[in-house]
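Visitor: Coordinates for the following, if possible.
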Amino acid sequence: MKKFLSLLLLACLFLSVCFFISGSDLFSGKEKLREFFSFLPSGAGSGQDIRDDQMSGEAGPVIDLSQDETVCRQATVAAVGDIMVHRTQFVRAYDPQEESYDFKPSFEVIAPYLQKADLVVGNLETTLGGDKLGFSAYPRFNSPDEIVTALREAGFNLLCTANNHCLDTGEKGLCRTIKVIEEAGIKHFGTAGSFEERNTPLIVQVNGISLSFLAYTYGTNGLSVPRGKDYLVNLIDEEQMSRDISRARLEGADLVIVYLHWGEEYCTEPTESQKKVALFAAEAGADIILGSHPHVIQPMEYLHVPSKVDREKKIFVAYSLGNFLSNQHRISGSIPTDEVEIGKILYLCVEKNEGTGETYLRDINYDLTWVHRSGKHRILPLHRVVGGEFVEGEMVIPASSADRLKRDLESLRGRLEGFKQAGPEQTVPVVLQNNETPASQ
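Guide: Residues are numbered from 1 along each chain as shown. Below you'll find the predicted structure:
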């Protein structure tokens, strides 16, 4: 009789729990189960107080109600635009005593802003053809190898090499550029030394998230790609781009990031051609699109494209990140704007849901930068420049430049945070806040 009453009591308790959680969602049901079992003595409701010889069949699975929180991995990518080495830069970087070049001062202030990210990437718009060819700048760039050493020490992990200057020192220069970059411990993408390399998409692991990087350029300044060696440089070709994105997905990429070298120089708005290519890349499966070549900052937006999972998918596009490092400045009859001195570090926070496998762009932020050409071409955070922080030594900012940069800063903020909607109806503007917290704080 006592055994019968015990079983009856357990049955009543079970029916009470079922009634208690009925009509509730899974999460609230688990919470109520926790509350309920917390009032029972240790072992109650788990079968631990019943002898094995009183049970028929095998015990059911033990359910761990404490493991209901979704695990999400996060990583931050810092992306910059054009990295160029003009003659003034390498002349000033030369150390006659060491008979070598030192580009490290260019990055000493900005490096902490890069290094707060998990991965740093930029567009290397020059070649490393070797000193035997003689170092040169526009129209054919050939830079000292030490620029790559400085980039690595500043925090760069990846360099895009597909741009209109990648063949400036010919096939040998292109291949040597790849070799120097890789030997410095940096990965490259956009050019290749072989057919096999060209068809192997770059996929890097960052905090457990697989990111693929692809790059394409509109052309090579009229320099022909050697016959039968189309693999040397990725040109903007829709069919090839679509195949590459699909291959990256098949090889396990959670997100595909595409650098596109395109548009019109010194133009602050994207061209119709840029918008068309961006939309194609988005529809082909790119998740993030980053632009270079105009040498000034252009707007950002989301493109809404059809999705197999949801009704639509948002693809982020930054049409141009501007110049990160160069000696460019306003020149009458040649360069019509001071904005060539300004660039942007774009911080892309990506997140992966381990439960669903879904990976997405979670957050976007940026720091604007300015190249102080009179101060060893140091790259400085623009908000600190206009805030009057650099007032002593070789980094002092002339009052006339500071006033002009304040105006440029306000103009750029308007372009980046409140620009008019561009393109077809499926596009919407990105609303951002400028990241004004120095990396050291």
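
Visitor: helix or strand right after whichever helix or strand residue 380 is part of?
Guide: In this assignment (DSSP states H and E), residue 380 forms part of strand 378-381. Remark: after strand 378-381, the chain's next helix or strand is helix 382-386, criterion DSSP H and E.

Visitor: Who are the packing partners of that next one?
Guide: strand 359-372, helix 399-417 (3 or more CB pairs under 8 Å, 6 or more residues apart in numbering; DSSP states H and E). From N, CA and C alone the C-beta is placed, and that goes for glycine too.

Visitor: residues in contact with it?
Guide: 342, 367-370, 372, 390, 397, 402, 405-406, 408-409, 434, 436, 438 (CB atoms under 8 Å, 6 or more residues apart in numbering).

Visitor: The same query, at a cut-off of 10 Å, please.
Guide: 109, 341-344, 367-370, 372, 389-390, 395, 397, 401-410, 412-413, 434-438 (CB atoms under 10 Å, 6 or more residues apart in numbering).

Visitor: on that earlier part again, out of the helices and strands packed on helix 382-386, which gets the lowest mean score?
Guide: Lowest mean pLDDT of the helices and strands packed on helix 382-386: helix 399-417, a mean of 91.

Visitor: for that one, packing partners?
Guide: strand 300-306, strand 342-353, strand 359-372, helix 382-386 (3 or more CB pairs under 10 Å, 6 or more residues apart in numbering; DSSP states H and E).

Visitor: What ranges does the protein have for its helices?
Guide: 2-21, 26-38, 87-93, 111-115, 146-154, 170-183, 195-198, 238-250, 272-284, 382-386, 399-417 (DSSP state H).

Visitor: Put together TSV for those, with distance to residue 205 and mean neighbour count on each row.
Guide: Output for those, formatted as TSV (distance: least, CB to CB, whole Å; neighbours: other CB atoms under 10 Å):
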stretch	distance to residue 205	mean neighbour count
helix 2-21	41	11
helix 26-38	31	12
helix 87-93	34	17
helix 111-115	19	20
helix 146-154	19	21
helix 170-183	18	18
helix 195-198	19	14
helix 238-250	14	16
helix 272-284	23	19
helix 382-386	33	20
helix 399-417	30	15
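
Visitor: Dump those into TSV; add distance to residue 73 as well.
Guide: Compiled in TSV, the helices of the chain are given as follows (distance: least, CB to CB, whole Å):
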stretch	distance to residue 73
helix 2-21	31
helix 26-38	22
helix 87-93	39
helix 111-115	20
helix 146-154	26
helix 170-183	27
helix 195-198	29
helix 238-250	19
helix 272-284	24
helix 382-386	31
helix 399-417	28
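
Visitor: now residue 259: how far from residue 171?
Guide: 22 Å (CB to CB, to the nearest Å).

Visitor: hang on, I meant residue 359
Guide: 37 Å.

Visitor: What residues does the closest residue to residue 371 other than its chain neighbours make contact with?
Guide: Spatial nearest neighbour of residue 371, excluding adjacent residues (CB to CB, 6 or more residues apart in numbering): residue 341 at 5.2 Å. By CB under 10 Å, 6+ apart, the contact set of residue 341 is 295-296, 322-323, 326-330, 369-373, 382, 401, 404-405, 408.

Visitor: switch the cut-off to 6 Å
Guide: 329, 370-371 (CB atoms under 6 Å, 6 or more residues apart in numbering).

Visitor: what does residue 381 give?
Guide: Per CB under 6 Å, 6+ apart, neighbours of residue 381: residue 367.

Visitor: Is it bridged to anything, and to what?
Guide: residue 369 (DSSP bridges).

Visitor: hang on, the earlier thing: tabulate the contacts of residue 341 in TSV, adding columns for distance to residue 337 and neighbour count.
Guide: Below are those laid out as TSV (distance: CB to CB, whole Å; neighbours: other CB atoms under 10 Å):
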residue	distance to residue 337	neighbour count
329	9	12
370	14	25
371	14	24
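
Visitor: Looking at these, which one is closest to residue 148?
Guide: residue 371 (18.5 Å; CB to CB).

Visitor: Distance from stretch 185-203 to the middle of the chain?
Guide: Here stretch 185-203 is found 18 Å from its chain centre; the criterion is CA atoms, centre = their mean, to the nearest Å.

Visitor: number of nearby residues for residue 72?
Guide: By other CB atoms under 10 Å, the residues close to residue 72 number 14.

Visitor: meant to ask about residue 375
Guide: If we define neighbours as other CB under 10 Å, then residue 375 has 17 of them.

Visitor: got TSV for the helices and strands packed on helix 382-386, with distance to residue 218 too?
Guide: Formatted as TSV, the helices and strands packed on helix 382-386 follow (distance: least, CB to CB, whole Å):
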stretch	distance to residue 218
strand 359-372	25
helix 399-417	23
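
Visitor: Of all the ones you listed, which one is nearest residue 316?
Guide: Using CB to CB, the helices and strands packed on helix 382-386 put strand 359-372 closest to residue 316, at 5.5 Å.

Visitor: show me the contacts for the residue positioned nearest the centre of the chain.
Guide: Taking CA atoms, centre = their mean, the centroid of the chain lies closest to residue 77, which sits 4.0 Å from it. Shown in contact with residue 77 (CB under 6 Å, 6+ apart): 119, 348.

Visitor: Against residue 94, how distant is residue 139?
Guide: With CB to CB as the criterion, residue 139 and residue 94 are 22 Å apart.

Visitor: got it, and residue 213?
Guide: Distance from residue 213 to residue 94, by CB to CB: 32 Å.

Visitor: Residue 207 now?
Guide: Taking CB to CB, one finds residue 207 at 39 Å from residue 94.

Visitor: And for residue 154?
Guide: Taking CB to CB, one finds residue 154 at 19 Å from residue 94.

Visitor: Apart from its neighbours in sequence, what residue is nearest residue 219?
Guide: residue 164 (5.7 Å).

Visitor: For the stretch 51-200 of the chain, which segments count as strands?
Guide: Using DSSP state E, counting those that start in this stretch, the strands of the stretch 51-200 of the chain run over residues 72-83, 94-95, 100-101, 119-124, 158-160, 187-189.

Visitor: okay, now residue 395: neighbour count?
Guide: 17.

Visitor: Would you enumerate the residues in contact with it?
Guide: Residue 395 touches residue 375, counting by CB under 6 Å, 6+ apart.
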